[in-house]
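Undergrad: missing the sequence, but the structure's below:
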């Protein structure tokens with residue numbers, strides 16, 4: 001890197017005269033690119049894992065199963081995969097860093113579930129709060145607690161994990177009683193322990209004394225409106241996940257200063273509701289699912305959390321006929337959509353609010369259960385930020401097309417003992433469903449003969465087949481025509 005002079009010299013062959021020209025050229029250094037954070041192993045059933053940590057920010061991730069900033073383990077397949085992060089600076093110079101991610105069979109996974117509660121006498125559930133999951137000090141997932149404070153993490157590899165939480169609920173509970181209890185602790189008359197001792201250190205000094213007591217009562221009477229340490233503190237849980245098992249890991253939170261646990265956090269009252277009406281037919285593998293409104297309203301902000309499992313449908317976009325800012329993200333088990341604008345969106349009953357663009361993931365059946373559950377933290381607001389109550393949304397009953405046959409992905413995949421293969425026939429016909437090895441040899445016939453129209457499910461026991469990759473193919477003939485579809489399955493060891 002640096003500034004360099006390049007000289008060009010020419011000699012006239014006839015006269016022997018010589019001339020030169022000099023040009024200065026700058027060589028810019030390549031950017032220093034790093035991607036050092038370890039990537040946690042992913043089960044092959046995982047469809048969305050957000051990649052992060054590449055520096056400088058603004059680069060591009062690439063590799064097997066990578067689309068944008070997401071890694072799809074089911075597309076990448078089982079094994080160790082090398083991913084790259086490439087950054088292009090303002091001078092057009094680029095640099096890259098490499099990281100690896102391991103995809104493992106789904107049969108090795110377990111789950112963590114629990115209830116997040118407030119540490120008061122009745123252990124009130126903390127609804128609409130965020131539980132974060134860590135592995136090797138790296139955050140690998142977040143879940144929002146439901147109306148009962150419940151959270152669930154699935155498809156986790158065996159091993160140790162840690163959990164903590166955050167919430168945007170209002171502070172409360174601190175008063176003169178807590179100041180008294182802190183003084184009693186300070187003189188040794190009534191020691192505080194555990195989470196309540198941690199909640200007493202509102203100054204963040206590392207120990208509890210009269211300064212903490214005074215700051216709590218000042219906030220109670222309004223002479224102070226915040227603590228240096230913030231408003232909330234939560235326990236940090238360490239749990240060990242075991243294969244094919246669910247580990248219970250409930251834990252508690254507390255407002256700083258509420259040493260006696262007198263506060264009762266308000267439970268979220270839902271203001272957005274969804275119901276089904278009409279039918280919508282899914283055709284092909286790129287779908288646009290409509291959501292309508294049943295109210296007349298002027299909306300300036302929408303926060304919508306839908307149960308939308310990525311194991312059934314993979315979201316590819318959100319269409320909304322309105323100006324403003326709209327972002328969305330599909331987590332493992334929910335779809336979060338946020339929109340806001342200074343210009344109000346005028347809605348009347350029957351208007352289309354938005355359309356969810358999606359494609360089938362593992363299987364498109366049954367579709368009827370993929371939408372419809374709205375998290376109570378969802379809300380619509382007007383230009384003043386006031387919540388609009390009793391918002392009613394409608395989505396249609398989802399149905400497979402009666403004009404197209406469909407061969408679904410086997411579940412589970414990979415599998416060790418048995419799996420199930422779904423398929424749909426639009427009309428009665430002759431079907432042949434066979435399994436082939438990677439060399440194209442016919443190793444097993446699952447279905448061969450006439451079948452009625454409708455949805456079908458065939459169970460496949462591995463029998464004497466060895467571990468590895470296989471292809472299953474459906475040939476379908478009916479009065480309207482014929483169709484052949486194939487998919488891949490993996491038998492684990």
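TA: Yep, that arrived. This one's a predicted model, so the numbers in the text were calculated from it and none came from an experiment.

Undergrad: so what pLDDT did residue 332 get?
TA: At residue 332, the model reports a pLDDT of 63.

Undergrad: if you average pLDDT over the helix or strand containing residue 487, what comes out?
TA: In this structure, residue 487 is located in strand 481-491 according to DSSP states H and E. Averaged across strand 481-491, pLDDT comes to 84.

Undergrad: Mind giving me the packing neighbours of that strand?
TA: Contact here means 3 or more Cβ pairs under 8 Å, 6 or more residues apart in numbering; DSSP states H and E; on that basis strand 481-491 packs against strand 406-407, strand 468-478. (Glycine included, C-beta is placed from N, CA and C.)

Undergrad: What number of residues are in the vicinity of residue 392?
TA: 13 (other Cβ atoms under 10 Å).

Undergrad: From residue 294, how far off is it?
TA: 4 Å (Cβ to Cβ, to the nearest Å).

Undergrad: Ok, residue 349 next?
TA: Residue 349 is 5 Å from residue 294, by Cβ to Cβ.

Undergrad: Could you check which of those two is surrounded by more residues?
TA: Between residue 349 and residue 294, residue 294 has the larger neighbour count (other Cβ under 10 Å), namely 18 against 12.

Undergrad: For the stretch 101-250 of the chain, which segments count as helices?
TA: For the stretch 101-250 of the chain, the helices defined by DSSP state H, counting those that start in this stretch occupy 176-186, 194-200, 210-221.

Undergrad: Can you add mean neighbour count and mean pLDDT and give the ones you listed back as TSV?
TA: Shown next, in TSV, are these (neighbours: other Cβ atoms under 10 Å; pLDDT from 0 to 100):
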stretch	mean neighbour count	mean pLDDT
helix 176-186	19	87
helix 194-200	19	95
helix 210-221	18	87
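
Undergrad: for those, which one sits closest to residue 155?
TA: helix 194-200 (30.0 Å; Cβ to Cβ).

Undergrad: just to revisit the earlier point, quick one, which of the helices of the stretch 101-250 of the chain gets closest to residue 98.
TA: So among the helices of the stretch 101-250 of the chain, helix 194-200 is nearest, using Cβ to Cβ, at 41.1 Å.

Undergrad: Please compute how far the closest one lies from its chain's middle.
TA: 32 Å (Cα atoms, centre = their mean, to the nearest Å).

Undergrad: Contacts made by the strand holding residue 487 with the rest, please.
TA: Counting by Cβ atoms under 8 Å, 6 or more residues apart in numbering, strand 481-491 makes contact with 44, 77-78, 105, 405-410, 413-416, 419, 435, 460, 462, 465-476, all of which sit outside it.

Undergrad: ok, now stretch 183-197?
TA: 119, 181-182, 200, 208-210, 213, 233, 235, 252-254, 259-261.

Undergrad: How far does that stretch stretch from one end to the other?
TA: 12 Å (Cα to Cα, to the nearest Å).

Undergrad: What of stretch 379-388?
TA: Termini of stretch 379-388 sit 7 Å apart (Cα to Cα).

Undergrad: buried sites along that stretch?
TA: By neighbour count on 16 or more other Cβ atoms under 10 Å, the buried set for stretch 379-388 is 379-381, 388.

Undergrad: For the longest strand seen in the chain, list every residue counted as buried.
TA: Counting residues, the longest strand found in the chain (DSSP state E) is strand 334-347. If you call a residue buried by 16+ other Cβ under 10 Å, then strand 334-347 has these buried ones: 334-337, 339-341, 345, 347.

Undergrad: same deal with stretch 225-238?
TA: Here stretch 225-238 shows 227, 229, 231-235, 237 as buried, counting by 16+ other Cβ under 10 Å.

Undergrad: Closest one to residue 49 out of those, please.
TA: residue 237 (22.3 Å).

Undergrad: Quick one, grab the pLDDT at the closest one.
TA: 93.

Undergrad: for residue 70, same thing?
TA: pLDDT, read off for residue 70, is 89.

Undergrad: cool, and residue 361?
TA: The model's pLDDT for residue 361 equals 58.

Undergrad: just the one 3 residues further on next, same as before
TA: According to the prediction, residue 364 has pLDDT 41.

Undergrad: Please apply the same query to the one 5 residues further on.
TA: The pLDDT attached to residue 369 in the predicted structure is 43.

Undergrad: Kindly report the same for the one 4 residues further on.
TA: Per-residue confidence (pLDDT) for residue 373: 62.

Undergrad: cool, the one 3 residues further on as well?
TA: You'll see residue 376 listed with a pLDDT of 75.

Undergrad: Pretty sure it sits against residue 129.
TA: No. Counting by Cβ atoms under 8 Å, residue 129 is not a contact partner of residue 376; they are 11.7 Å apart.

Undergrad: and these two? which has more neighbours close in?
TA: Neighbours per residue, other Cβ under 10 Å: of residue 376 and residue 129, the larger number sits with residue 129, 24 against 18.

Undergrad: How about that one: what's its closest non-neighbour residue?
TA: Sequence neighbours aside, residue 167 is the residue nearest to residue 129 in space, at 3.9 Å (criterion: Cβ to Cβ, 6 or more residues apart in numbering).

Undergrad: roughly how far apart are that neighbour and residue 230?
TA: For residue 167, the distance to residue 230 - Cβ to Cβ - is 11 Å.

Undergrad: what residue ranges in the stretch 301-450 of the chain score low on pLDDT?
TA: 308-312, 332-333, 360-373, 397-404 (pLDDT under 70).

Undergrad: try 50
TA: 362-370, 402 (pLDDT under 50).

Undergrad: cool, and the stretch 51-200 of the chain?
TA: Those would be none, if you go by pLDDT under 50 across the stretch 51-200 of the chain.

Undergrad: hmm, try it at 70
TA: Across the stretch 51-200 of the chain, the ranges flagged by pLDDT under 70 are 106-108.

Undergrad: Count the residues that sit near the closest residue to residue 121 other than its chain neighbours.
TA: In space, and not counting its chain neighbours, residue 121 is closest to residue 261: 6.6 Å by Cβ to Cβ, 6+ apart. Other residues lying near residue 261 total 21 when counted by other Cβ under 10 Å.

Undergrad: same deal with residue 78?
TA: Residue 78 - counted by other Cβ under 10 Å - has 18 other residues nearby.

Undergrad: Double-check it against residue 414; I have them as touching.
TA: Yes. Counting by Cβ under 8 Å, residue 414 is a contact partner of residue 78 at 6.6 Å.

Undergrad: okay, and the common contacts of the two?
TA: If you check residue 78 and residue 414 against Cβ under 8 Å, 6+ apart, the residues they both contact are 44, 105, 490, 492.

Undergrad: In TSV: those residues, plus distance to residue 6.
TA: Output for these, formatted as TSV (distance: Cβ to Cβ, whole Å):
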residue	distance to residue 6
44	54
105	58
490	57
492	61
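
Undergrad: how about the residues you listed, which pair is most distant?
TA: Top of the distance list for those (Cβ to Cβ): 44 and 492, 9.1 Å.
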